[in-house]
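Student: Pasting the sequence and the predicted model now:
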Number of protein chains: 2
Amino acid sequence: MNDILGDWKRTHYCGHLTAEHIGSEVCLMGWVQRRRDHGGLIFIDLRDREGIVQLALDPDRDPEAHQKADRVRGEYVIAVKGEVSPRPQGTLNPKMKTGEVEIEVRELRILNSAKTPPFMIDEYSEVAENTRLKYRYLDLRRPALQRTLMLRHQVTRIVRDYFAGQGFLELETPFLTKSTPEGARDYLVPSRVNQGNFYALPQSPQLFKQILMVSGFDRYMQIVKCFRDEDLRADRQPEFTQIDCEMSFVDRDEVLSVMEGMIARVFREVVGAEVALPMPRMTYAEALERFGVDNPDLRFAMELVDISGLVRDGGFKVFTDAVQAGGLVKAMNIKGGATLSRKDLDDLGEFVKIYGAKGLAWIKVNADGWQSPITKFFSESEVAGIAEALKAEVGDLLVFVADTFRIANESLGRLRGHLGHKLGLIDKSAYKFVWVTDFPLLEWDGETRRHVAVHHPFTAPMDEDIPLLDSDPGKARAKAYDLVLNGSEIGGGSIRIHDSAVQSKMFELMGIGDEEARIKFGFLLEALEYGAPPHGGIAFGLDRLTMILAGTDSIRDVIAFPKTQKATCLMSEAPGEVDEKQLRELGIKLAVRPK
Amino acid sequence: MNDILGDWKRTHYCGHLTAEHIGSEVCLMGWVQRRRDHGGLIFIDLRDREGIVQLALDPDRDPEAHQKADRVRGEYVIAVKGEVSPRPQGTLNPKMKTGEVEIEVRELRILNSAKTPPFMIDEYSEVAENTRLKYRYLDLRRPALQRTLMLRHQVTRIVRDYFAGQGFLELETPFLTKSTPEGARDYLVPSRVNQGNFYALPQSPQLFKQILMVSGFDRYMQIVKCFRDEDLRADRQPEFTQIDCEMSFVDRDEVLSVMEGMIARVFREVVGAEVALPMPRMTYAEALERFGVDNPDLRFAMELVDISGLVRDGGFKVFTDAVQAGGLVKAMNIKGGATLSRKDLDDLGEFVKIYGAKGLAWIKVNADGWQSPITKFFSESEVAGIAEALKAEVGDLLVFVADTFRIANESLGRLRGHLGHKLGLIDKSAYKFVWVTDFPLLEWDGETRRHVAVHHPFTAPMDEDIPLLDSDPGKARAKAYDLVLNGSEIGGGSIRIHDSAVQSKMFELMGIGDEEARIKFGFLLEALEYGAPPHGGIAFGLDRLTMILAGTDSIRDVIAFPKTQKATCLMSEAPGEVDEKQLRELGIKLAVRPK
């Protein structure tokens, strides 16, 4: 075949060569990171996925190779043969793994040329993201992205290995499934054979993994793409990857313990962090009480304090009204925050308004007393009570939101997270895990005037709360759990309902009639009648987990070919227009002109 | 939470218990395969994914457990505690792994009841496939299907482990891609954000894996779902799984050698078969010459013989005409076939007609001479020549097809495969691998009057055949290869074009204009200009491979939730109708009424 490589075979990756290899004959292949001429010699930084090594071409030693080297430019693809040599004294580069050596090149082949790329392939260049996404094949050459995707590969290796060792089977669930418009919006796929009908891409393999438990596979896992056609926030993608698990004959404690083992192994092997097991747990109620949110960042303190009891009958009408209307007054002590400017305080006020709060009350604890627009309304005992509850000291800033349970907690909880970053309260090297448990089972949707499932409709209620399903369903707690890491939910799951009567009751509470339930979930309901084992599971977001492990804030850094917030791929230009014939075969037509 | 399991924890799988465990206290959970009463005792066969074990309930030992056991029916889910005991003399079951023991049950809990299933959960019941597919969750309980899906899991484990050890990275490619109507029909996904535009589900990650090579990832693999909206044959599914690989800086030999290592390891570890390496290779031309097809089954001989030269100027006009028109006369000696009846011969004639042959000429080699409608046309030297070429012996049946190159080869080659099974010529325990190489690069499509790529448009021509691209493109051979096992293609790939000029030339030969190429494959063409390494790869069909390893003829046995030939899922009833609102959001409408 006379291949371009002929009988050349690569012997090493560039990035692996160190002083140990001095004297070895090597054959390397890679990309020209940089070429420079220095006193007649040519030096080339040759790059492959493992790193960079310096090539040296001496016209006296090998005039032909030197001549060819003279023609190469950045991003040319070349192969070289030569000897690993120590770098001359004074030219060592301690910043590079290969910095002690260079390759005395004897033969060089140009395997491919390259146009000048629109941006430099190095770690430091700042390029507009749209340009990077259009030329993703070049952007992916950057060492930072290569490392991140290799880390992702390493994570999936460890996860699969761990679960296989625990007796889990990786089983594939279908991508062409049925649309069950519950939760997020489905991506639809028109059927050609059954015109007028549609498949949906799965939002998760939830129903199928439960079916696998009913089928007796006992322990299932899958690393699998899922799809949601939602308006994208910065950290969302239309297709995302889940580590999806389900287990039979287990209770909550066993699920959590198996999952903790997986997480601990990943963190140990990927970033060398020892995670203390068992991980701490916190009920949903406690998380809201102490942190205002169900995904608390435990890398710093600054907990919320409920002072409703203190101020219920006090002198400040905003507070008393809120409490008497059934709401809360939550407070937080920002240590050392008394130095914040008026402008800063206004900004904090604007921040809590995003979450529906009407405003943020504040008190500066100065050496000469409290400075605040609201202190004048408080009695002495109120002042004393607040000071004690918040452990107020000189230099502190006390902040307050008085509102409904939801708004008081959420707005102040979010403010806490915001300030944790802004004020540098966070130990960035820490990994703080917490299981949040005992979520509410249902929440009331005022718009559709029915209950909706907080987790999903297949989540089991706590056994002792089953009577509440009849008397006060909104109070019933679920056997649901989230794993929160540094304030991010990285996984969530539940023990499922294995009793078809309880499942029917759930649908009834959610206002899903028998006929509707049959159409949407009929096969699961039926399956539950034929001997379903107690079972439960969880799904982790692989993208989010990888982001944390790689220390990046952008989900687009952990996905080889990500989409923009408009759900387009700037490289392949997907989505695109299709032929009229394709639509005709599917029995559909456009109701709009393509944008 | 008062879980139904309370403090019970399973200690063993049912199927793992042997005489070694006698005396152990165990806690088991599973499904009731069978319950029988015998002299006051109750025996239950308890099933889980690992097998079945016998439970014994004695009313004197534990009246409460016995009473509960009296209520259980087939497929009830139960948990028991008890002691592993030797079975009484005379009741051992040597056919079961657990046949030496039974569990003396002391406590029993019913975890769930079950309606009477529509069919028995055992290996032997013959149930209509549509019923099995509708109740897939019950069908999947059958030990044969469980074993097959566990085998599939084992295969993917080994494959991933092997490739990781070889420095491959598993990287995810997108599912929402651009439609490039080339090859099979795409499944389309309407875009909501970009109304009027569509994504396509990938037929393979071909373009993306090449991009990953351009990006320098060096070695890529992925076990990944692919999609083709084609009319389904018995062994096809709309979604199927590929073991997809790509390597940089390699030639064909290195790709084949790495892949052989993977296959050998899978066969060793999964079915205990030692595959001799390197695997034999055969050019496409040789495969057609000797076997008439490019996926020869090497488990038996019965090769085809080209007798065109012998009969070109002979007396039988059907033969001479075919040869003089540029066609062939291919023959095959069916050893011992002289005993076939006239009806059998007619059937063979009908068989070759499926592949376009006008008929099958035949000669029976009897002890008293040749019996045939055509012998009379042959000269003595032709008879002698044919006899020698086909090594004819008394009792043989010689068969002939005279037609174009394609029809003569294909019809007789398919007949060979058919007879291999029908006449029992095949050693069913053998695994016969062969790499078929040197495929044609292009073939002429008479309908569209242009060349189409035999493998795909990114396949590299053999270097020595590049001049043929200008002079006689149909003659150019490709650096393509298929791995054939027992007559089935289980994988196929090629060395790719890494030179953008050659790639443009290929598109030109295929009548794909610059504009069309830019729209369909623009990013790959562009990527090739920025320093693409020599690269190549392959994709294996995981479903097919698993079928062969599991020894099943049905692709639906190796997929947990398969679709019918109408591309429907009988369990979930996908595809289905969707809400008008969903379509409106997507900017499409139905052109037909749903069927």
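Tutor: Sure thing, it's come through. All values derive from a computational prediction rather than experimental measurement.

Student: Residue of the stretch 201-350 of chain A nearest chain B, please.
Tutor: A:Ser215 (3.6 Å; C-beta to the nearest C-beta). Every C-beta, even on glycine, is put in place using the N, C-alpha and C of the backbone.

Student: Tell me which residue of the stretch 301-450 of chain A lies closest to chain B.
Tutor: Residue of the stretch 301-450 of chain A nearest chain B, by C-beta to the nearest C-beta: A:Asp438 (8.5 Å).

Student: which ones are touching that residue?
Tutor: A:Thr283, A:Tyr284, A:Ala285, A:Met462, A:Arg477, A:Ala478, A:Ala480 (C-beta atoms under 8 Å, 6 or more residues apart in numbering or on different chains).

Student: What subset of these is buried?
Tutor: A:Tyr284, A:Met462, A:Arg477, A:Ala478, A:Ala480 (16 or more other C-beta atoms under 10 Å in any protein chain shown).

Student: circling back: so which of the contacts of A:Asp438 belong to helices?
Tutor: Under the assignment DSSP state H, the contacts of A:Asp438 contribute A:Tyr284, A:Ala285 to helices.

Student: Also near chain B: which of the contacts of A:Asp438, exactly?
Tutor: A:Met462 (C-beta under 8 Å from any C-beta of the partner chain).

Student: Check the stretch 151-300 of chain A for the residue nearest chain B and tell me.
Tutor: Among the residues of the stretch 151-300 of chain A, A:Gly196 lies closest to chain B, at 3.0 Å counting by C-beta to the nearest C-beta.

Student: is it true that that residue touches B:Glu577?
Tutor: Yes - counting by C-beta atoms under 8 Å, A:Gly196 touches B:Glu577, with 6.9 Å between them.

Student: related to what we said a few turns ago, if I pick the residue of the stretch 151-300 of chain A closest to chain B, what's in contact with it?
Tutor: Listed by C-beta under 8 Å, 6+ apart, the contact partners of A:Gly196 are A:Gly587, B:Glu577, B:Leu590, B:Val592, B:Arg593, B:Pro594, B:Lys595.

Student: got it, and A:Leu176?
Tutor: Here A:Leu176 is in contact with A:Val189, A:Tyr199, A:Leu201, B:Tyr187, B:Phe227, B:Pro238, B:Glu239, B:Lys563, B:Ala567, B:Cys569, B:Ala574, B:Pro575 (criterion: C-beta under 8 Å, 6+ apart).

Student: Could you list the low-pLDDT ranges of chain A?
Tutor: For chain A, the stretches with pLDDT under 70 are A:1-2, A:123, A:181-182, A:595.

Student: in stretch A:496-508, what's buried?
Tutor: Using 16+ other C-beta under 10 Å as the burial criterion, the residues of stretch A:496-508 that qualify are A:Arg496, A:Ile497, A:His498, A:Asp499, A:Ser500, A:Gln503, A:Ser504, A:Lys505, A:Met506, A:Phe507.

Student: So which of those residues are in helices?
Tutor: The members of the buried residues of stretch A:496-508 that map onto helices under DSSP H are A:Ser500, A:Gln503, A:Ser504, A:Lys505, A:Met506, A:Phe507.

Student: List the residues that contact the residue nearest to the last one when sequence neighbours are not counted.
Tutor: The shortest distance from A:Phe507 to any residue that is not its chain neighbour, by C-beta to C-beta, 6 or more residues apart in numbering or on different chains, is 4.4 Å, and that residue is A:Ala517. With contacts defined as C-beta under 8 Å, 6+ apart, the neighbours of A:Ala517 are A:Ser504, A:Phe507, A:Leu525.

Student: With A:Lys115 instead?
Tutor: B:Glu529, B:Tyr530.

Student: hang on, the earlier thing: of the contacts of A:Gly196, which is the nearest to B:Thr448?
Tutor: Using C-beta to C-beta, the shortest approach to B:Thr448 within the contacts of A:Gly196 belongs to A:Gly587, at 25.3 Å.

Student: and the residue nearest to that closest one when sequence neighbours are not counted, how far is that from B:Pro575?
Tutor: With sequence-adjacent residues excluded and distances taken as C-beta to C-beta, 6+ apart, A:Gly587 is closest to A:Gln195, at 3.3 Å. The gap separating A:Gln195 from B:Pro575 is 10 Å, by C-beta to C-beta, to the nearest Å.

Student: Of those two, give the one with the bigger neighbour count.
Tutor: B:Pro575 (28 against 18; other C-beta atoms under 10 Å in any protein chain shown).

Student: That one and A:Asn194 touch, don't they?
Tutor: Yes - under the criterion of C-beta under 8 Å, B:Pro575 makes contact with A:Asn194 at 5.5 Å.

Student: Tell me which stretches of the stretch 151-300 of chain A form strands.
Tutor: A:169-170, A:188-190, A:198-200, A:219-227, A:239-248, A:281-283 (DSSP state E, counting those that start in this stretch).

Student: Run the chain-centre distance for the third one.
Tutor: Same thing as strand A:198-200. With C-alpha atoms, centre = their mean, to the nearest Å as the basis, strand A:198-200 stands 27 Å off its chain's centre.

Student: one step back: can you pull the residues that touch both of A:Gly196 and B:Glu577?
Tutor: Common contacts of A:Gly196 and B:Glu577 (C-beta under 8 Å, 6+ apart): B:Pro594.

Student: Helices along the stretch 151-300 of chain A, start to end?
Tutor: Per DSSP state H, counting those that start in this stretch, the stretch 151-300 of chain A carries helices over the ranges A:206-214, A:252-271, A:284-291.

Student: Need the winner for burial among those helices.
Tutor: With neighbours defined as mean count of other C-beta atoms under 10 Å in any protein chain shown, the helices of the stretch 151-300 of chain A peak in mean count at helix A:206-214, which reaches a mean of 25.

Student: Packing partners of that one?
Tutor: On a contact count with 3 or more C-beta pairs under 8 Å, 6 or more residues apart in numbering or on different chains; DSSP states H and E, helix A:206-214 meets strand A:219-227, strand A:239-248, helix A:514-528, strand A:535-541, helix B:136-139.

Student: So for stretch A:337-347, what gets flagged as buried?
Tutor: Of all the residues in stretch A:337-347, those buried under the rule 16+ other C-beta under 10 Å are A:Gly337, A:Ala338, A:Leu340, A:Leu345.

Student: Report the separation between the residue of chain A positioned farthest from its centre and chain B.
Tutor: In chain A, the residue that sits farthest from the middle, by C-alpha atoms, centre = their mean, is A:Asp60; the gap is 55.0 Å. Going from A:Asp60 to chain B by C-beta to the nearest C-beta, to the nearest Å gives 29 Å.

Student: and that residue, helix, strand or coil?
Tutor: coil (DSSP: H, G, I helix; E, B strand; the rest coil).
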